[in-house]
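Peer 1: Predicted model and sequence follow; I will ask about them next.
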Amino acid sequence: MYYNTILTPTVIRTGKNILGKLDEILESAHLYFPKKILITQENLFEIYREKLVPEQYDEVIFCKGGDLAEAREMLTKIPSTSAVLIAFGGGSVLDLVKYVGTQLDKPYITMPSALSNDAIYSCVARLTYNHKKKSSTVQPPMGVIIDLNIVKMCPRELLVSGAGDLVTNLSAVKDWQLAHEKTGEPINELACMLGRQSALSIWDYSAADLYTDDFLRDLAHGLLTSGLSMTVAGQTRAASGSEHMISHAIDEFFPEKATIHGVQVAWAFLEIEKQLRKDEVFAARLQEFYDRIGLTAVIADNIPWKSEDLRKLIPYALKIRKRYTILSEA
Ligand SMILES: [Zn+2]
């Protein structure tokens with residue numbers, strides 16, 4: 001073959017007040033399912049009941065989310081008939097449905113209630129097993145529906161976290177390029193391009209823009225483009241580098257000190273720039289972006305680590321996965 005074939009979502013919809021228009025959206029994409037099953041948390045369902053229009057669904061299943069044991073239990077609850085699963089919630093609900101949909105080979109659609117990380121469209125689900133978060137490879141969603149009026153209601157910290165997760169693609173791409181140069185690891189330039197461009201799409205925004213439609217749409221599209229970079233490459237390299245290894249090491253070995261994913265990776269990214277990559281000009285620009293978008297304050301509120309702790313975390317991060325990054329040279 002002269003070309004790569006990639007599976008992209010059939011439905012991508014970003015707009016206002018579209019949560020209750022699932023039937024319309026599916027119909028306009030010429031998609032028909034005998035059964036539509038909504039999977040969400042009970043408290044979210046109560047808060048957004050009116051906007052969700054529950055009559056659209058044949059069944060509603062409540063979950064806590066984020067837990068592998070619960071996901072495995074849910075496999076037995078889903079009917080074997082042809083059905084589409086609709087995940088509504090934060091990363092923990094979306095990741096649970098990604099796992100369930102993949103295991104049952106059922107199509108699923110994600111409808112995020114927040115834009116706090118790139119879980120909305122990715123080929124990885126992070127679920128807790130024995131008190132530790134583990135990554136599973138999953139099939140990406142067949143659709144993503146983002147209601148800007150819903151994600152607008154999420155706390156400021158979560159939006160800043162979404163910006164943090166997205167901007168760290170700049171770090172991930174640098175690590176991939178380094179691995180390519182040093183070890184000859186194959187690189188996918190199209191995936192790198194999508195990873196970098198998605199990060200740069202929010203680079204000019206400030207904290208005052210967080211709740212504007214322009215920022216939310218760019219953040220949503222950035223997270224989707226980031227997910228596309230993973231689908232194109234068939235792996236997470238363009239969206240997950242040394243900073244994600246540090247964050248995963250905190251989740252795995254110091255779960256009591258773990259915090260919001262996007263904030264954690266953003267902290268690790270800045271420290272890696274300052275201490276390991278030592279590109280002072282870029283580190284200063286990154287610091288300026290963090291100050292402007294509000295990451296500096298959110299990091300100060302949530303991260304219990306000091307700058308010098310980065311070095312202590314590196315040996316743990318190297319245990320996470322065999323992936324050549326700047327940490328391999330530290
Ligand atoms: Zn991430």
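Peer 2: Nice, thanks for sending it over. Residues are numbered from 1 along each chain as shown.

Peer 1: domains in this structure, as residue ranges please.
Peer 2: What automatic domain parsing lists as the domains of the chain is 11-151, 156-329.

Peer 1: who wins for proximity to Tyr2 among those domains?
Peer 2: Across the domains of the chain, Tyr2 has its closest neighbour in domain 156-329 (14.7 Å, C-beta to C-beta). Glycine gets a C-beta too; all of them are placed from N, C-alpha and C.

Peer 1: now the strands for this protein?
Peer 2: For the chain, strands defined by DSSP state E occupy the ranges 11-15, 35-40, 59-62, 83-89, 108-112, 124-129, 132-137, 143-147.

Peer 1: Next, format those strands as CSV and append mean neighbour count.
Peer 2: Putting the strands of the chain into CSV (neighbours: other C-beta atoms under 10 Å) gives the following:
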stretch, mean neighbour count
strand 11-15, 17
strand 35-40, 21
strand 59-62, 15
strand 83-89, 24
strand 108-112, 27
strand 124-129, 20
strand 132-137, 16
strand 143-147, 24
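
Peer 1: could you redo the domains of the chain as a markdown table and give each row mean pLDDT and distance to Asn4?
Peer 2: As requested, these are exported to a markdown table (pLDDT from 0 to 100; distance: least, C-beta to C-beta, whole Å):
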| stretch | mean pLDDT | distance to Asn4 |
| --- | --- | --- |
| domain 11-151 | 94 | 15 |
| domain 156-329 | 97 | 8 |
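
Peer 1: how about those, which one is nearest Tyr3?
Peer 2: Among these, if distance is taken as C-beta to C-beta, the winner is domain 156-329, at 11.5 Å.

Peer 1: closest one to Met230 among the strands of the chain?
Peer 2: Nearest to Met230, of all these, is strand 124-129, at 7.6 Å by C-beta to C-beta.

Peer 1: Which elements pack onto the closest one?
Peer 2: Applying 3 or more C-beta pairs under 8 Å, 6 or more residues apart in numbering; DSSP states H and E, one finds that strand 124-129 contacts helix 68-74, helix 91-104, strand 132-137.

Peer 1: Put the alpha carbons of that strand into CSV.
Peer 2: What follows is strand 124-129 as a C-alpha-only set of coordinates in CSV (Å, rounded to 0.1, in the frame of the first residue of the first chain):
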residue,chain,number,x,y,z
VAL,A,124,-5.5,4.7,26.1
ALA,A,125,-7.7,4.2,29.2
ARG,A,126,-6.2,4.7,32.7
LEU,A,127,-8.0,2.7,35.3
THR,A,128,-7.2,1.9,38.9
TYR,A,129,-6.3,-1.6,39.9
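
Peer 1: now that strand and strand 132-137, what's the angle there?
Peer 2: 150 degrees (axes from the mean of the first three to the mean of the last three C-alpha atoms, to 10 degrees).

Peer 1: circling back: ok, which of the domains of the chain comes nearest Thr5?
Peer 2: Between the domains of the chain, domain 156-329 lies closest to Thr5; by C-beta to C-beta that is 10.8 Å.

Peer 1: Quick check: end-to-end length of that closest one?
Peer 2: Across its full length, domain 156-329 reaches 36 Å between end residues, using C-alpha to C-alpha, to the nearest Å.

Peer 1: and it, how far from the chain's centre?
Peer 2: Relative to its chain's centre, domain 156-329 lies at 11 Å (C-alpha atoms, centre = their mean, to the nearest Å).

Peer 1: Please convert the domains of the chain to JSON lines, extending it with distance to Thr5.
Peer 2: What follows is the domains of the chain, written out as JSON lines (distance: least, C-beta to C-beta, whole Å):
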{"stretch": "domain 11-151", "distance to Thr5": "14"}
{"stretch": "domain 156-329", "distance to Thr5": "11"}
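
Peer 1: For Leu96, give me its contacts.
Peer 2: 39, 63, 65-67, 70-71, 74, 87, 125, 127 (C-beta atoms under 8 Å, 6 or more residues apart in numbering).

Peer 1: redo that, cut-off 7 Å
Peer 2: With contacts defined as C-beta atoms under 7 Å, 6 or more residues apart in numbering, Leu96 is in contact with 63, 65-66, 70-71, 127.

Peer 1: hang on, the earlier thing: now the strands of the chain in a markdown table, with distance to Phe253?
Peer 2: Below are the strands of the chain laid out as a markdown table (distance: least, C-beta to C-beta, whole Å):
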| stretch | distance to Phe253 |
| --- | --- |
| strand 11-15 | 37 |
| strand 35-40 | 31 |
| strand 59-62 | 32 |
| strand 83-89 | 27 |
| strand 108-112 | 29 |
| strand 124-129 | 14 |
| strand 132-137 | 9 |
| strand 143-147 | 32 |
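
Peer 1: Which among those strands is found nearest to Trp203?
Peer 2: Per C-beta to C-beta, nearest to Trp203 of the strands of the chain: strand 11-15, 19.6 Å.

Peer 1: Report the angle between that closest one and strand 108-112.
Peer 2: 20 degrees.

Peer 1: Can you give me the separation between the residue positioned nearest the centre of the chain and Lys274?
Peer 2: For the chain, the residue sitting closest to the mean C-alpha position, by C-alpha atoms, centre = their mean, is Asp118 at 1.9 Å. Distance, Asp118 to Lys274, using C-beta to C-beta, to the nearest Å: 24 Å.
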